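>>> Sequence first, then the predicted structure, then my questions.
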Amino acid sequence: MSCSEDFLGLVPYLMGYQPAERLVLVVVQDGRVRVTISLEMDDLAMTASSRATLLSAVDRFPSPHVLMAAWSHDARAAQEALTTVAGWLGDERVVEAAWVGPERWESILHPGRGGLASDLASGPVVAQAVVAGLRVDGSRSELVSILDGPSEEHDLPTSHRAAEAQWLGCAAERSRGEALQIQARLVHDGRWDARDLTDLAVLCHDHDTVDALWLALDHRNAARALDVWLAVVAQAPMPWRGDALLMVGFSAWLAGNGVMHVAAVDRLTGLGWGEIDAVVALDALNRQAVPPSAWARVRAREVFGLPL
């Protein structure tokens, strides 16, 4: 990224939403974006947790360049947040720190550098992002609202009752095999119907099945799997939503979609699942900034019996 305007204009496309009252860090190593991190401004009050998360993400690179920006109506709060985080990371690694307000943006690191906030959406890097298929879907809350699932105002749909009748009495091996087959087919074909999604929601209601479904995924199919499981969650009533959210969280991490990864963990915690091993693992992947590339070694051991 050649200048501050490019960086600030590109961030919403990297995140998939327009930041608001959030601090965003982009870690660049060898000229490539390696990690994008987003924190609510209020999260910075939890200094020990936030500091550990950010340092874990940045310290694993030998010579990172960090660009960060705070989108906020409060210029003073933004400046304090940027100054605090720059102190945590070390001035030698931070190459830009900027505040973006409703009307203007200003660099905290380079006084005098700034401009109109509206101009950030019209730069050449933004045009390249659009051509590459990246998009901005409103606010973060709008983007992740799909994880809320359908309204709970009505009784369990007939389709889910039928799926329960078909699958819940089956032997575990049969239902697990069916779940793997359906996931593989939907990921491959890229299309599905309501019954496919209902069957998956019911079939994955077992932690051993979730483990098997995780192991069936890798970096090549993770993004398509995320689309499938988002569709499952969108139509899954309780009590079938929790395990589907586990699948969303994992496939999102593996696909590099930090927004959906973190949002899925938040939803699972809200359901009272925060102490379940799989949720603890998903949360640790985020807090320790574990890269998706680490999955290849784990999967090689679990699936193929190869040594790490």
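Thanks, I have the structure now.

>>> number of nearby residues for the nearest residue to E5 once chain neighbours are set aside?
In this structure, E5 finds its nearest non-sequential neighbour in G123, 5.4 Å apart by CB to CB, 6 or more residues apart in numbering. For the C-beta atoms, the positions are set from N, CA and C on the backbone; glycine is no exception. Using other CB atoms under 10 Å, G123 is surrounded by 18 other residues.

>>> do the same with A252
27.

>>> V233 versus that one, what's the distance?
The gap separating A252 from V233 is 11 Å, by CB to CB, to the nearest Å.

>>> before we move on, what about S151?
Separation of S151 from V233 (CB to CB): 14 Å.

>>> Same drill for these two, tell me which one is more crowded.
More crowded of S151 and V233, by other CB under 10 Å: V233, with 26 against 7.

>>> most centrally placed residue in this structure?
G258 (2.2 Å; CA atoms, centre = their mean).

>>> residue contacts, that residue?
36-38, 252, 286 (CB atoms under 8 Å, 6 or more residues apart in numbering).

>>> Select from these every entry located in helices.
Counted as lying in helices by DSSP state H, out of the contacts of G258, are 252, 286.

>>> Tabulate the contacts of G258 in TSV, adding columns for distance to A117 and pLDDT.
Shown next, in TSV, are those (distance: CB to CB, whole Å; pLDDT from 0 to 100):
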residue	distance to A117	pLDDT
T36	20	89
I37	21	89
S38	18	89
A252	29	96
N286	29	88
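
>>> Would you list the phi and psi of A236?
Here is the backbone geometry of A236 (degrees, to the nearest 10): phi -90, psi 110.

>>> what's the neighbour count on the nearest residue to it once chain neighbours are set aside?
Nearest residue to A236 in three dimensions, chain neighbours excluded: A201, at 4.2 Å (CB to CB, 6+ apart). By the measure other CB under 10 Å, the count of residues near A201 is 25.

>>> Likewise for R113?
By other CB under 10 Å, 15 other residues sit near R113.

>>> Contact partners for it?
With CB under 8 Å, 6+ apart, R113 has these contacts: 4, 106-107.

>>> go again using 6 Å as the cut-off
S107 (CB atoms under 6 Å, 6 or more residues apart in numbering).
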